[in-house]
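**Student:** Everything below, folded, please.
(one chain, ligands or ions: 2)
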Amino acid sequence: MATDVVTDEQDETDIAAEAPESTGAGWDPLAWPETAVNPVQVRWRYAVGIPAVHLLACLAFFPWFFSWTGVVLAILGLYMFGTLGINLCYHRLLTHQGLTCPTWLEHTLAVLGVCTMQDTPACWVAMHRIHHKHSDHRPDPHSPLVNFLWGHCGWLMFQNREFTNVHDYQRFTRDILRDPFYLRLERRENWLKIYLASMFVFFAAGFVVGWPLTGTALGGVQFGASLMVWGVFVRTVLTWHITWSVNSVTHVWGYRNYDTSDNSRNNFWVGLWSNGEGWHNNHHADQRAAAHGHKWWEFDVTWLTIRLLEKLGLAKNVVRPKVWQQSN
Ligand SMILES: [Zn+2]
Ligand SMILES: [Zn+2]
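**Tutor:** Ligands and ions are numbered 1, 2, ... in the order given. Purely as a prediction, here's the structure:
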């Protein structure tokens, strides 16, 4: 049963492994966000940054910024950065320890996650562990039972009272911050610098290819800009809404395979567009399992990727769903 208080003595792996007891007792949707953010403190960086990146992505509506290469990079990027970086690394590997990878691969995947601008691995992991610990109960940082918009992205724009200082960070992420690599990402806005560098790489690659192809420097600038707008801004916004829909949609609409003590659901559409994260009721019932689709038709691209890595010897200690083990 999930404990109410996590002490420093408690092994952080307990937090990752905790599964809510299936009491069927329901949940207590309380008067958020007032209680979750008291006093209300706006996180300006997010409140300004999130709309700003949406505006930059809107450049895609101007034909000058269009290229088919950019569109293809945006689609491939959803898998590369969203599925590999967020689903596989941030979520199933770092938060829930459902598998292990060689350190070089884990860090590479984490950098892909950083390039989605969803905060540092430690911050993401901490928020998600709080979510699992208190799912749809106060102080779950992003329950859509407050209201849908709050669960989707509103929560990002306000300071969570559970998570205001370094000690809170460390409480939930000692296992992550023990690695100097993740600690470095926390310091001097290094994670943000990586995101900005990725913008530059997309632009520069387009410029270097576009200049000789079009014969003009302006042609190079235009091609570079198209790769940056589609391959970075559009892809970032789509990745955000895919991840956010797991927090919002799959705690409101869908079916339940398990009688968990939260409002988590399996949602077919979110399962599809998130490459497997939408089987969220399964995930809440068996959090460490690296596979979120438990039935044969619950298609889970992230799990297929993990299976491939396992076959290649690049993923080990892969945790299977308990329900599969019981049926064997
Ligand atoms: Zn999770
Ligand atoms: Zn959830």
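
**Student:** Pull the contacting residues for Cys115.
**Tutor:** Counting by CB atoms under 8 Å, 6 or more residues apart in numbering, Cys115 makes contact with 81, 85, 194-195, 198. All C-beta spots, glycine's among them, are computed from the backbone N, C-alpha and C.

**Student:** Any buried residues in the helix or strand containing Thr108, and which?
**Tutor:** Thr108 belongs to helix 103-114 when elements are defined using DSSP states H and E. Taking 16 or more other CB atoms under 10 Å as the neighbour-count basis, helix 103-114 is seen to contain the buried residues 106-107, 109-114.

**Student:** on that earlier part again, for the contacts of Cys115, could you give me a markdown table that also reports distance to Gly231, pLDDT and neighbour count?
**Tutor:** Below are the contacts of Cys115 laid out as a markdown table (distance: CB to CB, whole Å; pLDDT from 0 to 100; neighbours: other CB atoms under 10 Å):
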| residue | distance to Gly231 | pLDDT | neighbour count |
| --- | --- | --- | --- |
| Phe81 | 10 | 97 | 25 |
| Gly85 | 14 | 97 | 25 |
| Ile194 | 15 | 96 | 16 |
| Tyr195 | 13 | 95 | 17 |
| Ser198 | 9 | 96 | 22 |
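
**Student:** Within the helices and strands, which one has Thr302?
**Tutor:** When elements are assigned from DSSP H and E, Thr302 belongs to helix 301-311.

**Student:** And the contacts of that helix?
**Tutor:** Contacts of helix 301-311 with the rest of the structure, by CB under 8 Å, 6+ apart, involve 79, 83-84, 87-88, 92, 98-99, 101, 105, 275-277, 290-293, 315-316, 318.

**Student:** With adjacent residues omitted, what lies nearest to Glu298?
**Tutor:** Closest residue in space to Glu298, ignoring its immediate chain neighbours: Trp279 at 4.9 Å, by CB to CB, 6 or more residues apart in numbering.

**Student:** That neighbour reaches Gly293, doesn't it?
**Tutor:** Yes. Look at Trp279 against Gly293 with CB atoms under 8 Å: they come within range, at 5.0 Å.

**Student:** neighbour-wise, which of those two wins?
**Tutor:** Legend: neighbour count by other CB atoms under 10 Å for Trp279 and Gly293, higher for Trp279 (29 against 22).

**Student:** ok, the more buried one - contacts?
**Tutor:** Shown here is Trp279, whose contacts under the criterion CB under 8 Å, 6+ apart are 266, 271, 292-294, 298, 300.

**Student:** Check Gly224 too.
**Tutor:** Taking CB under 8 Å, 6+ apart, we find Gly224 in contact with 202-207, 210.

**Student:** Near Val48, how many other residues are there?
**Tutor:** As a measure of burial, Val48 has 12 neighbours, counting by other CB under 10 Å.

**Student:** who does the helix or strand where it lies touch, helix- and strand-wise?
**Tutor:** For Val48, the enclosing helix or strand under DSSP H and E is helix 44-57. Packing partners of helix 44-57 (3 or more CB pairs under 8 Å, 6 or more residues apart in numbering; DSSP states H and E): helix 235-248.
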